[in-house]
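**Q** Fold the following for me, if possible:
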Amino acid sequence: MRILHLHSSFSAGGKELRAVRLMNLFGPGVAHSIVSAEPGAHGAAARLDPAVPVVFPADFPSLQGRPAPGRLWRIAQAMALFDLVLTYNWGAMDAVMAHGLFGGLLGLPPLVHHEDGFNEDEAQGLKPARNRYRRLALRRSSALVVPSRRLEEIALTAWRQPRERVRLITNGIDCSAYLDRPRPDMLPGLVKQPGERWVGTLAGLRAVKNLPRLVRAFAPLPAPWRLVILGDGPEREAIAAEAARCGVADRVHLPGFVAEPSHAVGLFDIFALSSDSEQFPISVVEAMAAALPVAAPAVGDVARMVSTENRALVTPPGDEAALAATLARLAADDALRARVGAANRAHARRHYDEAAMLAAYSRTYGEALGLERLI
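**A** Next comes the predicted model:
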């Protein structure tokens with residue numbers, strides 16, 4: 001079985017790490033070719049099981065550029081060598097269009113598209129031209145997979161996809177991996193000292209995550225508290241500059257990407273998000289599995305994801321003062337953190353364990369191939 005993955009980026013973000021987890025679970029009997037629309041953005045590869053056959057073809061046509069017929073034809077031709085094509089987000093939509101235009105002529109394999117959310121260019125609203133392009137491009141796809149209720153609604157309305165094509169598959173993780181608290185020295189170059197308390201987050205350092213907002217919301221917390229931001233990306237310098245401007249550079253840490261979140265998230269005392277746009281962030285599930293309270297804006301499905309006890313800690317989107325107040329409330333109340341964290345862990349184990357996610361993806365990919373399931 002040969003699967004082609006066409007990604008907007010293969011950096012270590014939520015959708016990429018989910019794709020890696022699925023590849024690992026499918027095992028060595030399935031071979032994968034991975035293409036990133038951003039050349040060289042392959043950070044998620046660090047989490048691939050070495051036993052799984054994976055290549056990054058350097059000669060695949062670029063996923064970036066004007067959607068001219070000749071370029072789309074070359075992309076379509078390059079799909080012909082595979083049994084299944086999986087595409088991810090807007091950055092791979094030209095490949096979806098190429099499949100829609102030339103799939104019948106070239107006898108191309110089935111295609112399943114995944115939409116996980118939007119970058120800063122659509123964080124405040126969908127672009128009508130992109131909606132129209134998606135409608136055209138997706139017309140021959142076998143399925144459109146979305147992780148959130150909000151994206152399901154967009155797929156059915158703005159993108160006008162038929163109900164039978166849209167598959168809502170919520171993200172899941174191995175919740176049992178988050179039961180044990182990590183050692184204080186698990187992060188590179190950073191050791192949690194006795195008496196310290198950490199506000200933490202897992203995020204690609206991109207503008208849509210608005211991490212300078214999190215720095216500002218964190219800044220009023222007292223000295224025992226530190227902010228630890230795990231991830232890599234182009235906004236690293238802007239985050240550090242905001243920490244210096246707020247006078248908390250010595251309490252804000254950016255250790256970089258962590259290959260195994262289960263080895264780090266449990267070091268946090270509060271998990272926080274500050275994003276302008278999310279859908280169903282895996283990092284929130286990871287935080288809940290580690291028994292953490294979550295302070296976050298009500299973007300995407302976040303308010304639905306957390307336990308009932310945590311919902312009062314979800315703030316209006318873009319309300320920096322409310323986020324800061326929530327962090328201050330949690331920082332001052334050990335019992336509240338423990339109570340909400342325990343409720344979140346139980347909720348994650350009940351609703352977001354990866355077995356259900358794996359079964360749903362296996363069925364979706366298998367049905368595209370005319371099988372009952374992929375594995």
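
**Q** going forward, measure contacts between C-alpha atoms and count neighbours the same way
**A** Fine.

**Q** next structured bit after the strand or helix carrying Glu16?
**A** Assigned by DSSP states H and E, Glu16 falls within helix 14-26. The helix or strand immediately downstream of helix 14-26 is strand 31-36, counting by DSSP H and E.

**Q** Compute the inter-axis angle for the helix holding Glu16 and strand 31-36.
**A** Our comparison of helix 14-26 with strand 31-36, counting by axes from the mean of the first three to the mean of the last three CA atoms, to 10 degrees, yields an angle of 170 degrees.

**Q** Can you list the buried residues in helix 14-26?
**A** Gly14, Lys15, Glu16, Leu17, Arg18, Ala19, Val20, Arg21, Leu22, Met23, Asn24, Phe26 (16 or more other CA atoms under 10 Å).

**Q** Quick one: the helices in the stretch 251-375 of the chain, in order.
**A** 282-289, 302-305, 320-331, 334-351, 354-368 (DSSP state H, counting those that start in this stretch).

**Q** check contacts around the nearest residue to Gly172 once chain neighbours are set aside.
**A** Distances taken as CA to CA, 6 or more residues apart in numbering place Glu354 nearest to Gly172, at 4.1 Å, with adjacent residues excluded. Shown in contact with Glu354 (CA atoms under 8 Å, 6 or more residues apart in numbering): Asn171, Gly172, Ile173, Asp174, Cys175.

**Q** how close does the fourth one get to Val265?
**A** Looking back up the chat, that one is Asp174. Plainly put, Asp174 is 14 Å away from Val265 if you go by CA to CA, to the nearest Å.

**Q** same thing with the third one?
**A** Distance check for Ile173 against Val265: by CA to CA, it reads 13 Å.

**Q** Tell me how this structure divides into domains.
**A** 2-172+354-368, 175-351 (automatic domain parsing).

**Q** Quick check: mean pLDDT of the longest one?
**A** Here the mean pLDDT over domain 2-172+354-368 is 94, rounded to a whole number.

**Q** can you check the shortest one too?
**A** For domain 175-351, the mean per-residue pLDDT is 95.

**Q** returning to what we had before: could you redo the buried residues of helix 14-26 as CSV and give each row distance to Val112?
**A** Conversion of these to CSV gives the following (distance: CA to CA, whole Å):
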residue, distance to Val112
Gly14, 18
Lys15, 14
Glu16, 15
Leu17, 18
Arg18, 15
Ala19, 13
Val20, 16
Arg21, 17
Leu22, 14
Met23, 15
Asn24, 19
Phe26, 16
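
**Q** Secondary structure class of the closest residue to Arg134 other than its chain neighbours, three-state.
**A** Distances taken as CA to CA, 6+ apart put Trp159 closest to Arg134, at 6.4 Å, once the chain neighbours are dropped. Here Trp159 is coil, with the state taken from DSSP: H, G, I helix; E, B strand; the rest coil.

**Q** dump the residue contacts of Arg140.
**A** Contacts of Arg140 by CA under 8 Å, 6+ apart are His99, Gly100, Gly103, Leu111.

**Q** Name the surrounding residues that touch stretch 320-339.
**A** Contacts for stretch 320-339 (CA under 8 Å, 6+ apart): 213, 216-218, 220-221, 269-270, 274, 291-293, 295-297, 313, 315-316.

**Q** So which bits of that stretch are buried?
**A** 320, 322-328, 330-331, 336-338.

**Q** Which element, helix or strand, includes Arg226?
**A** Arg226 belongs to strand 225-230, assigned by DSSP H and E.

**Q** Next: Leu86.
**A** Per DSSP H and E: strand 84-88 holds Leu86.

**Q** Right, I'll leave it there.
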